[in-house]
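K.L.:
Model the structure of this input:
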Amino acid sequence: MNILLVASAFNSLCQRVYAELSDAGHRVGAVLARPGGEDAVRAAVRERRPDLVVAPMLRTALPEDVWARHTCLVVHPGPPGDRGPSSLDWAIDSGAERWAVTVLRAEAGLDAGDIWASVPFDVPPVGKSALYRGESGDAAVAAVLLAVERFAGGGHKPLSQKDPSVDVVWRDAFRQERRRIDWASDPTRTVLRKLRGGDSQPGVLDELCGVEFFLHGGCPEDELRGPAPGTGRGAVPGSLIATRAGAVCRATVDGAVWIPELRARRASGLPSPFRRPAASVLADAVRAGLVPEDLVAGLPEVPAPLELPAHRRTWSDIRYRQRGPAGFLEFGFPGGAMSTAQCRRLLTAYRWALTRPTSVLVLGSGRDFFSNGIHLGVIEAAVGPAEESWANINAMNDLVEAVLRTTDRLVVAALGGNAAAGGVMLALAADEVWCRGGVVLNPHYRRMGLYGSEYWTYSLPRRVGAEAARRLMTEAVPVSAAAAVGMGLADRLVPASPQGFGPEVHRLAAELAGAPGLRARVAAKEAVRHRDEAARPLAAYRSAELARMRRTFFDARAPYHALRSAFVRKAAGGPADPLAGP
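P.N.:
Okay, here's the model as predicted:
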């Protein structure tokens with residue numbers, strides 16, 4: 001069929017729906033539904049003349065003349081009969097253990113159309129963004145594929161929401177008043193529930209010394225209590241008691257929580273009102289005179305060991321575990337972005353992991369993003385964005401090079417979540433790439449106006465061939481995990497739930513470490529690396545890539561700077577067709 005996707009943003013779900021519908025043999029196009037941009041939607045419908053319109057994520061209503069003349073299916077992240085704009089927020093707030101995604105026909109009433117498909121899913125104790133990309137995303141894609149199949153078959157009669165079996169419930173927008181944390185009385189479990197409900201968007205509005213910030217993300221802390229070490233300050237609920245790798249720890253009435261990122265409110269006067277590591281946002285506020293220096297001065301940096309006991313409940317973005325001859329270096333950075341400092345810390349951890357007696361080393365992201373490459377938010381907030389871009393890309397290159405030069409064991413990249421740009425190239429540096437079934441890969445840089453680095457000119461062609469590499473980099477379309485395996489971009493499709501991916505990777509890694517031909521594979525790998533180095537050194541690939549990247553970074557007129565700023569600040573701009581790209 002000819003299917004047109006209409007979405008307010010070409011986010012992770014839209015990319016996955018696009019990729020999986022394409023895999024199913026449909027011709028798929030896409031158009032952005034921006035506020036006041038109804039004419040762009042109408043124009044796309046006239047031009048593409050779709051058999052079906054699918055809206056995976058909408059913040060604005062479809063034009064009436066579109067949904068009245070065409071079958072338009074809307075993806076709603078709630079069970080049948082659920083209505084309102086904040087369905088997942090209410091699910092998390094209510095402690096629901098089971099939820100659903102429903103595909104319904106667009107009509108005048110919000111979420112009131114006939115039901116074409118609904119797929120339930122379990123709700124684990126994770127943040128809303130991880131749930132949206134994980135369990136909810138799996139259910140959404142399954143529901144879309146089922147609805148499309150039913151529509152194509154022509155014989156399905158959708159269920160009217162006027163049917164007595166449908167329990168209609170209207171839920172209002174989930175506003176900041178309900179998210180607000182009462183530090184003086186909310187127990188840790190309540191604080192965490194509120195933080196998880198708004199971890200990505202919109203965040204939880206909070207206040208420090210009269211300055212409002214949005215809090216993003218939250219993780220419990222099981223040891224820090226009482227006066228913060230070295231500060232002489234008691235752990236008044238809501239007070240800051242420690243930092244760790246850019247995150248801050250705040251006391252609660254019965255414990256403490258880690259908050260990885262903050263975002264200054266636009267009205268605060270800070271020049272960089274977008275999500276970044278919490279400690280750096282507070283440092284900016286201190287320099288701007290908005291927050292007193294003694295609020296953060298002297299806070300102890302409390303590192304977490306790479307190998308944490310299984311019983312510990314604390315925040316750490318890099319961890320190491322070992323099970324017999326298999327080692328697991330797990331990392332998870334908010335939004336998949338990796339700053340210069342994060343790249344360097346991960347490289348240090350990787351080098352340490354290589355000292356351990358293992359024959360297989362797994363680089364894994366757990367259940368969410370693997371990596372999206374350089375940290376555009378930290379770059380945008382830097383005094384010198386060009387210099388920070390240069391430092392960040394070199395730090396990414398150092399990390400990728402270390403993986404490429406590992407010849408004494410097999411390295412596996414285990415992608416439990418999506419990857420893009422340099423994050424894909426980090427995965428391709430490994431000997432094997434394992435992807436969870438719901439993963440989407442974007443192995444290109446073009447939409448940010450960049451040529452790319454991280455040794456992609458070496459890794460990508462050796463994986464998929466020169467012509468496929470050129471097509472992936474120029475067409476710049478999302479690739480499903482199944483398609484990635486089919487073209488050689490990945491080696492194994494792991495059919496597991498988001499929660500089940502980690503245990504399954506552990507099982508598969510143990511099998512690989514015990515395989516009888518492992519030693520021969522490692523020896524062959526070392527021989528290939530020596531052969532490739534003799535043909536063209538890795539340094540030559542790096543030098544050629546970085547020469548082009550440097551010209552872009554230090555050219556104030558290069559599109560990269562405007563594209564980066566618009567992306568980070570969520571500003572309008574760019575083509576109405578999200579697949580057109582700059």
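
K.L.:
Show the secondary-structure elements that the helix or strand hosting residue 90 is packed against.
P.N.:
Per DSSP states H and E: residue 90 is located in helix 87-94. In terms of contacts (3 or more CB pairs under 8 Å, 6 or more residues apart in numbering; DSSP states H and E), helix 87-94 is packed against strand 98-105, helix 128-133, helix 188-197. Every residue, glycine included, has its C-beta placed from N, CA and C.

K.L.:
got the CA coordinates for that helix in PDB?
P.N.:
Extracted C-alpha coordinates of helix 87-94, given in PDB (Å, rounded to 0.1, in the frame of the first residue of the first chain):
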ATOM      1  CA  SER A  87      -2.100   8.800  28.800                       C
ATOM      2  CA  LEU A  88       1.300   7.500  29.700                       C
ATOM      3  CA  ASP A  89       1.700  10.100  32.400                       C
ATOM      4  CA  TRP A  90      -1.500   9.000  34.100                       C
ATOM      5  CA  ALA A  91      -0.400   5.300  33.800                       C
ATOM      6  CA  ILE A  92       2.900   6.000  35.600                       C
ATOM      7  CA  ASP A  93       1.300   8.200  38.200                       C
ATOM      8  CA  SER A  94      -1.400   5.700  39.000                       C
END
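
K.L.:
what comes into contact with it?
P.N.:
Identification of contacts with helix 87-94 by CB atoms under 8 Å, 6 or more residues apart in numbering yields 76-78, 84, 99, 123, 128, 131-132, 136, 171, 174, 178, 193-194, 196-198.

K.L.:
what about burial for those, which qualify?
P.N.:
76-78, 84, 99, 123, 128, 131-132, 136, 171, 174, 193-194, 196-198 (16 or more other CB atoms under 10 Å).

K.L.:
and residue 152, which of the helices and strands packed on helix 87-94 is closest to it?
P.N.:
The closest of those to residue 152 is strand 98-105. By CB to CB, the value is 13.7 Å.

K.L.:
Got the phi and psi for residue 56?
P.N.:
Main-chain torsions, residue 56, degrees, to the nearest 10: phi -70, psi -30.

K.L.:
returning to what we had before: I'd like the helices and strands packed on helix 87-94 written out as TSV, with mean pLDDT and distance to residue 387 added.
P.N.:
Formatted as TSV, these follow (pLDDT from 0 to 100; distance: least, CB to CB, whole Å):
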stretch	mean pLDDT	distance to residue 387
strand 98-105	98	44
helix 128-133	96	30
helix 188-197	96	33
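
K.L.:
Relative to residue 496, which of those is closest?
P.N.:
Closest among these, using CB to CB: helix 128-133, at 14.6 Å.

K.L.:
Now do the next helix or strand after that closest one, average pLDDT.
P.N.:
Using DSSP H and E, the helix or strand that follows helix 128-133 in sequence is helix 135-153. Across helix 135-153, pLDDT averages out at 98.

K.L.:
starting at the chain centroid, how far to whichever helix or strand comes after helix 135-153?
P.N.:
Where DSSP H and E defines the elements, the next helix or strand beyond helix 135-153 is strand 169-170. The gap between the average C-alpha position of strand 169-170 and the chain average comes to 30 Å, counting by CA atoms, centre = their mean, to the nearest Å.

K.L.:
quick one: contacts of strand 169-170?
P.N.:
With CB under 8 Å, 6+ apart as the test, strand 169-170 has contacts from 81, 82, 83, 84.

K.L.:
Let me see the contact set for the second one.
P.N.:
Just to be clear, that refers to residue 82. Residue 82 is in contact with 76, 100, 102, 111, 169, 171, counting by CB under 8 Å, 6+ apart.

K.L.:
Dump these into CSV; add distance to residue 460 as well.
P.N.:
As requested, the contacts of residue 82 are exported to CSV (distance: CB to CB, whole Å):
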residue, distance to residue 460
76, 38
100, 39
102, 39
111, 42
169, 48
171, 45
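
K.L.:
of these, closest to residue 502?
P.N.:
residue 100 (24.5 Å).

K.L.:
Looks like that closest one contacts residue 117 (just checking).
P.N.:
No: taking contacts as CB atoms under 8 Å, residue 100 lies outside contact range of residue 117: 10.1 Å.

K.L.:
If you count surrounding residues, which of the two has more?
P.N.:
Neighbour count, other CB atoms under 10 Å: between residue 100 and residue 117, residue 117 has more, with 26 against 21.

K.L.:
Tell me where the model's unsure across the stretch 451-582 of the chain.
P.N.:
Along the stretch 451-582 of the chain, the model assigns pLDDT under 70 to residues 573-574, 581-582.

K.L.:
Please pick out the residue of the protein most distant from its centre.
P.N.:
Distance from the C-alpha centroid of the chain peaks at residue 164, with 39.3 Å (CA atoms, centre = their mean).

K.L.:
Can you show me the CA trace of the helix or strand hosting residue 539 as PDB?
P.N.:
Using DSSP H and E, residue 539 falls within helix 538-553. Once non-C-alpha atoms are left out, helix 538-553 reads as follows in PDB (Å, rounded to 0.1, in the frame of the first residue of the first chain):
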ATOM      1  CA  LEU A 538      43.400   3.600  10.900                       C
ATOM      2  CA  ALA A 539      45.200   6.900  11.400                       C
ATOM      3  CA  ALA A 540      44.600   7.700   7.700                       C
ATOM      4  CA  TYR A 541      40.900   7.100   7.900                       C
ATOM      5  CA  ARG A 542      40.700   9.300  11.000                       C
ATOM      6  CA  SER A 543      42.800  12.100   9.500                       C
ATOM      7  CA  ALA A 544      40.700  12.200   6.300                       C
ATOM      8  CA  GLU A 545      37.400  12.300   8.200                       C
ATOM      9  CA  LEU A 546      38.500  14.800  10.800                       C
ATOM     10  CA  ALA A 547      39.900  17.200   8.100                       C
ATOM     11  CA  ARG A 548      36.300  17.500   6.700                       C
ATOM     12  CA  MET A 549      34.800  17.700  10.200                       C
ATOM     13  CA  ARG A 550      37.200  20.400  11.300                       C
ATOM     14  CA  ARG A 551      36.300  22.600   8.300                       C
ATOM     15  CA  THR A 552      32.600  22.300   9.200                       C
ATOM     16  CA  PHE A 553      33.100  22.900  12.900                       C
END
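
K.L.:
Could you list the buried residues of it?
P.N.:
538, 541, 542, 545, 546, 549, 550, 552, 553.

K.L.:
do the same with stretch 290-297
P.N.:
290, 291, 295, 296.

K.L.:
First-to-last residue distance for it?
P.N.:
One end of stretch 290-297 to the other measures 14 Å (CA to CA, to the nearest Å).

K.L.:
now that stretch, how far from the centre of its chain.
P.N.:
With CA atoms, centre = their mean, you get 31 Å for stretch 290-297.

K.L.:
rewinding a little: let me have the buried residues of helix 538-553 in JSON lines, adding distance to residue 480 as columns.
P.N.:
Listed next are the buried residues of helix 538-553 as JSON lines, based on distance: CB to CB, whole Å:
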{"residue": "538", "distance to residue 480": "30"}
{"residue": "541", "distance to residue 480": "28"}
{"residue": "542", "distance to residue 480": "30"}
{"residue": "545", "distance to residue 480": "27"}
{"residue": "546", "distance to residue 480": "31"}
{"residue": "549", "distance to residue 480": "28"}
{"residue": "550", "distance to residue 480": "34"}
{"residue": "552", "distance to residue 480": "29"}
{"residue": "553", "distance to residue 480": "32"}
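
K.L.:
for the stretch 301-450 of the chain, what spans make up the strands?
P.N.:
For the stretch 301-450 of the chain, the strands defined by DSSP state E, counting those that start in this stretch cover 318-323, 326-331, 360-364, 410-415, 419-420, 432-436, 440-442.

K.L.:
Show me what the mean pLDDT comes to for the fourth one.
P.N.:
Throughout strand 410-415, pLDDT has a mean value of 98.
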